[in-house]
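give me coordinates for this.
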Amino acid sequence: MDKLEKAKRLKIMLSQIAGRQGLESIASASARASGGLESISPERTNVQSGLEKLADNRHQDITPNEMFGLEAIVMKENRPVVFVRGNSYDDVGNPWSSLNAAEVKTRLSDLFPLIGRIELPNSTLLPYAGTGFVVGKGLVATNRHIAQIFAQGLGLTIRYRGGDAAIDFKRQVDTPEDDRSDYLSVRGVEMIHPYWDMALLQVDGLRTDKMLRLSVLSPDQLVNRNIVAVGYPALDPRNDAALQDKIFGGVYYVKRLQPGVVRARAKVQSFENQVNAMTHDASTLGGNSGSAIIDVDSGEVVALHFAGEYLKANYAVPMFELARDSRVASKLNFDGRVAATSDFDPAWRSIGAEATRPPTPSIPTPPSPPLQSSQPSAAEESESTWIVPLRVIVSVGTPSRPTPIVRGVGAVADQMAAAGVEAEEAVVVNQDYSDRPGYDPNFLDTLKVPLPAISNAMQQDTATVRPDARKNGDPFELAYYHYSVYMNKRRRTAWFSAANVDGDHRPQIGKRQGDRWYQDTRILKTEQLGQDAFEHGIDRGHLTRREDTAWGDDVESATAANNDTFHFTNCSLQASPFNRGKDRWQGLEQFLLEQHAKKERRRMMVITGPLFSSNDPVYKNDRMNYSVRCPLQFWKVCVLIRQDDTPAATGFVLGQEDIQSLPGFEEAFDVAAAQIRIADLEKRTGLDFGRLRDFDHFAQGGAPGTLEVPTAAGASRPIKVIRGGEDIVI
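Numbering: from 1, shown residues only. Modelled structure (predicted):
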């Protein structure tokens, strides 16, 4: 968000706070508030001058200090946050001191034991997923985008593996780290709503007589009512970090009470639907996904928080709307009844559910035998024509587990052999590389996209190309037809492979029948993988897809470019189901090209590679005289010119959980897929993507379904689970 847009949003927010008294009343009211402005802004005059500029519509003249002071008024003085401690909460300053009254504290505090943090006990990467609260007998409500981290499907038939989720009803600022006295397992998933960002979890051990009361008042009846959001806010990198630290005291991921006001309804994109959400202005951050929005006067839950846009609005699923859905109403503890509606029937029918379909129990995921294809994705259930990875991957610091033990890979399961092994194909590669043009940074015409830059430290581990075979004087670039590679010689796998993709010049070159791969003679054999590293169950997984480069003016040139991808420099060790599964590594480029690139010039840049980790498992079979670490996670950056002629860059991370089934690996791993910010990808890869950060629209924040994930350093990064094309922020 640029300064002008932020200033405009600030004016709207401050006008809402001031009401009829006008902006001029803000400065004096803030000065009278507990602690005054001195505690957050060194010069109170910044507030006064900033308000004057906003009143005169001189948004462009706002200085950084004035901006900081005005944001502090909105968040510190009028949208404060306090700790929940035990079954009570810290006193709240003006203008929210009414929350300190004994009867109000009693009313609200009785609800806190029924609001908890959704945990992921089997994940070494994600410490928690969001918030949930008790809404019915044995049922906890949370967001659809949270449930889809550990469950697959939509509607009433959900696949869930027992033990993948839990809920901790404490996890407060003063809760000991080892306190599991109120920690319960999620037994199953009752429902993932196909329209609203809502899911119901089946939780063992809940008291049958304790559940929150859910309001049936319409959002229009609740406008201007005081509410509190109760949840687990996380440090949000989309907002000013210094301001957040002042407001939240540098403490995140614990239970908080956050007051605010109900605002007018607003339409927002939520998954594949344009929903008419309730809005509120409590100081929520990313970790508040799934928070209960509670009416102060009645103590009833009026909404389920699911997303927010900084200084604009926070969006929530109205309980009123869930009460109108007959599939939901009978399950939950509503305080009254409202007439049922057919408004949500199209969403239910889109996943194959009839209008009057009765509830059915959650279906656990059966264990998969080793080396078989993964379970079908949620996108398949909803008859989507585009399928992407099943589970979220987020790297949160460096896992502390020990290095896996090296073992040889022996014979593989009989079912893999029975499935058939691809025969050798007559892939012919001319190893006189003098005619290879390599990656073209000017391919998009209006936007130059250079190869990513590597650091000085990375250069020490990068394979050097023979001097007589270099392109443009670059000692590291291995140039091929339509793509180029930088090799990590220590890992024998590319740092990255960068390709030009032309969707308008793809002649039919015939179907692939098998493989034959080549080592590149321009670098040492010891700096790349060879055929000895691959067996049944371990594929030579393309980094740059052959489909991406198989284009040209005629069949001959397209075939040559296709064949050029069959170099060991362009492959990585990949588990067969991961490499071959259409719901894993395939499909992103084609979807973006067909749905978002300019129709008259469908072109795209795709840069991809592994995410190397010192904890990647060591692999060696009986034929190898060396060992190599197998990367478990991979990334892509896709760059295109959108149909409105503006550039867009998107970053993705994907993983291969199936590698855990292979006998050559000692440990089990749990990784999979999401959209992430390019700036975060730079931190995790060490690469510099240059201007692409400026065209990363996901980095602008506010996308419904976004999760804020804590990192080992105490910060957080946004990620977004990708289950279908509609989930991608372009």
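
helix, strand or coil for the residue in the chain sticking out farthest from the centre?
Taking C-alpha atoms, centre = their mean, the residue of the chain most remote from its mean C-alpha position is residue 468, at 44.1 Å. Assigned with DSSP: H, G, I helix; E, B strand; the rest coil, residue 468 falls in the helix class.

wouldn't residue 464 be in contact with residue 523 here?
Yes - using C-beta atoms under 8 Å, residue 464 is in contact with residue 523, at 7.2 Å. In this view, the C-beta of every residue, glycine as well, is placed from N, C-alpha and C.

of the two, which one has the most company?
When neighbours are counted by other C-beta atoms under 10 Å, residue 464 and residue 523 differ, and residue 523 comes out ahead with 21 against 15.

any buried residues in stretch 322-336, and which?
322, 323, 324, 325, 326, 327, 328, 329, 331, 332, 333, 334 (16 or more other C-beta atoms under 10 Å).

quick one: which of those residues sit in helices?
Of the buried residues of stretch 322-336, the ones assigned to helices by DSSP state H are 322, 323, 326, 327, 328, 329.

quick one: the helices in the stretch 601-730 of the chain?
678-685 (DSSP state H, counting those that start in this stretch).

okay, now the unreliable bits of it?
Along the stretch 601-730 of the chain, the parts satisfying pLDDT under 70 run over 655-673, 702, 704-705, 707-716, 723-724.

would you map the strands across it?
Secondary structure of the stretch 601-730 of the chain by DSSP state E, counting those that start in this stretch: the strands cover 603-611, 618-619, 628-629, 633-641, 647-655, 674-676, 706-710, 716-720.

save those as JSON lines, and put in mean neighbour count and distance to residue 508 too.
Conversion of the strands of the stretch 601-730 of the chain to JSON lines gives the following (neighbours: other C-beta atoms under 10 Å; distance: least, C-beta to C-beta, whole Å):
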{"stretch": "strand 603-611", "mean neighbour count": "24", "distance to residue 508": "20"}
{"stretch": "strand 618-619", "mean neighbour count": "19", "distance to residue 508": "37"}
{"stretch": "strand 628-629", "mean neighbour count": "20", "distance to residue 508": "37"}
{"stretch": "strand 633-641", "mean neighbour count": "23", "distance to residue 508": "24"}
{"stretch": "strand 647-655", "mean neighbour count": "24", "distance to residue 508": "28"}
{"stretch": "strand 674-676", "mean neighbour count": "25", "distance to residue 508": "32"}
{"stretch": "strand 706-710", "mean neighbour count": "24", "distance to residue 508": "40"}
{"stretch": "strand 716-720", "mean neighbour count": "24", "distance to residue 508": "36"}
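
so what's residue 114 up against?
Applying C-beta atoms under 8 Å, 6 or more residues apart in numbering to residue 114 gives the contacts 133, 134, 169, 210, 211, 212.

ok, now residue 256?
Residue 256 neighbours (C-beta under 8 Å, 6+ apart): 81, 82, 83, 84, 230, 231, 232, 233, 248.

just the CA coordinates for stretch 566-575, please, in PDB.
In PDB, the C-alpha atoms belonging to stretch 566-575 read as follows (Å, rounded to 0.1, in the frame of the first residue of the first chain):
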ATOM      1  CA  PHE A 566      16.400 -33.700 -20.500                       C
ATOM      2  CA  HIS A 567      19.700 -32.700 -18.900                       C
ATOM      3  CA  PHE A 568      20.600 -33.800 -15.400                       C
ATOM      4  CA  THR A 569      21.400 -30.100 -14.700                       C
ATOM      5  CA  ASN A 570      17.600 -29.500 -15.000                       C
ATOM      6  CA  CYS A 571      16.400 -32.300 -12.700                       C
ATOM      7  CA  SER A 572      16.200 -33.100  -9.000                       C
ATOM      8  CA  LEU A 573      15.600 -36.200  -7.000                       C
ATOM      9  CA  GLN A 574      11.900 -36.500  -6.700                       C
ATOM     10  CA  ALA A 575       9.500 -39.100  -5.400                       C
END
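
how about the nearest residue to residue 97, chain neighbours excluded?
Nearest residue to residue 97, sequence neighbours excluded (C-beta to C-beta, 6 or more residues apart in numbering): residue 91, at 7.7 Å.

wait, that neighbour touches residue 82, no?
Yes - using C-beta under 8 Å, residue 91 is in contact with residue 82, at 7.3 Å.

now for the ones in helices among the buried residues of stretch 322-336, which pair is the farthest apart?
In terms of C-beta to C-beta, these reach their longest pairwise distance at 323 and 327, which sit 11.4 Å apart.

ok, residue 289 to residue 150 distance?
Distance of residue 289 to residue 150, computed by C-beta to C-beta, to the nearest Å: 14 Å.

just the helices from the stretch 1-150 of the chain, written as ranges.
Counting by DSSP H, counting those that start in this stretch, the stretch 1-150 of the chain has these helices, from start to end: 3-18, 24-32, 44-55, 64-72, 102-109, 144-147.

scratch that, the stretch 251-400 of the chain
Counting by DSSP H, counting those that start in this stretch, the segments of the stretch 251-400 of the chain that form helices are 319-323, 326-329, 345-350, 378-381.

including mean pLDDT and distance to residue 8, could those go into CSV?
Below are those laid out as CSV (pLDDT from 0 to 100; distance: least, C-beta to C-beta, whole Å):
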stretch, mean pLDDT, distance to residue 8
helix 319-323, 97, 30
helix 326-329, 94, 38
helix 345-350, 92, 34
helix 378-381, 32, 37
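
cool, thanks, signing off.
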